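Q: coords please:
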Amino acid sequence: MLEDFRDHDPNPTVHERAWMQTNPYPAVVRVLVLAMVAVMVGLSTANEPSPETPSPVSVAARTAG
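A: Numbering: from 1, shown residues only. This is a model prediction of the structure:
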């Protein structure tokens, strides 16, 4: 098992260097912003009144008149 550590090449490859130099925070912020927009759109459409269910005011106006 110790020979595995001795034989390891400590110099990273070009791909490994690219992954080590990337900054994950901008991607995380973009994902969070998109998730917040999706939640806001979902909540705004869920709170929209349905045309099939009349409001109590319109029901009372029809029965009273």
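
Q: when you work out contacts or count neighbours from here on, use the C-alpha atoms and nothing else.
A: OK.

Q: and after the helix-or-strand element of the chain with minimal mean pLDDT, which helix or strand comes next?
A: Across the helices and strands of the chain, mean confidence by mean pLDDT, DSSP states H and E is lowest for helix 2-6: a mean of 59. Next helix or strand after helix 2-6 toward the C-terminus (DSSP states H and E): helix 14-21.

Q: alpha carbons of that next one, as CSV, please.
A: What follows is helix 14-21, C-alpha atoms only, in CSV (Å, rounded to 0.1, in the frame of the first residue of the first chain):
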residue,chain,number,x,y,z
VAL,A,14,-3.4,19.7,-17.7
HIS,A,15,-7.0,18.6,-17.0
GLU,A,16,-6.3,18.2,-13.2
ARG,A,17,-4.8,21.8,-13.2
ALA,A,18,-7.9,23.1,-14.9
TRP,A,19,-10.2,21.5,-12.4
MET,A,20,-8.1,22.8,-9.5
GLN,A,21,-8.2,26.4,-10.9
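
Q: by residue count, tell me the biggest helix in the protein.
A: What stands out as the longest helix in the chain, according to DSSP state H, is helix 25-46.

Q: now for that helix, which elements pack on it?
A: Packed against helix 25-46 by the contact rule (3 or more Cα pairs under 8 Å, 6 or more residues apart in numbering; DSSP states H and E) you find no helix or strand.

Q: need the mean per-residue confidence for it.
A: Mean per-residue pLDDT for helix 25-46: 92.

Q: how about that helix: buried residues?
A: Residues of helix 25-46 include none that count as buried (16 or more other Cα atoms under 10 Å).

Q: mind listing residues that contact that helix?
A: If you take Cα atoms under 8 Å, 6 or more residues apart in numbering as the criterion, helix 25-46 is touched by no other residue.

Q: may I have it exported as PDB, CA atoms only?
A: Taking Å, rounded to 0.1, in the frame of the first residue of the first chain, the C-alpha atoms of helix 25-46 are listed here in PDB:
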ATOM      1  CA  TYR A  25     -18.900  29.800  -6.500                       C
ATOM      2  CA  PRO A  26     -20.200  31.500  -9.700                       C
ATOM      3  CA  ALA A  27     -21.800  28.300 -10.800                       C
ATOM      4  CA  VAL A  28     -23.400  27.700  -7.400                       C
ATOM      5  CA  VAL A  29     -24.800  31.300  -7.300                       C
ATOM      6  CA  ARG A  30     -26.300  30.900 -10.800                       C
ATOM      7  CA  VAL A  31     -28.000  27.600  -9.800                       C
ATOM      8  CA  LEU A  32     -29.400  29.200  -6.700                       C
ATOM      9  CA  VAL A  33     -30.700  32.300  -8.600                       C
ATOM     10  CA  LEU A  34     -32.400  30.000 -11.200                       C
ATOM     11  CA  ALA A  35     -33.900  27.900  -8.400                       C
ATOM     12  CA  MET A  36     -35.300  31.100  -6.700                       C
ATOM     13  CA  VAL A  37     -36.800  32.300 -10.000                       C
ATOM     14  CA  ALA A  38     -38.400  28.900 -10.500                       C
ATOM     15  CA  VAL A  39     -39.900  28.900  -7.000                       C
ATOM     16  CA  MET A  40     -41.200  32.400  -7.500                       C
ATOM     17  CA  VAL A  41     -42.800  31.500 -10.800                       C
ATOM     18  CA  GLY A  42     -44.300  28.400  -9.300                       C
ATOM     19  CA  LEU A  43     -45.700  30.100  -6.300                       C
ATOM     20  CA  SER A  44     -47.200  33.000  -8.400                       C
ATOM     21  CA  THR A  45     -49.000  30.600 -10.700                       C
ATOM     22  CA  ALA A  46     -50.200  28.500  -7.800                       C
END
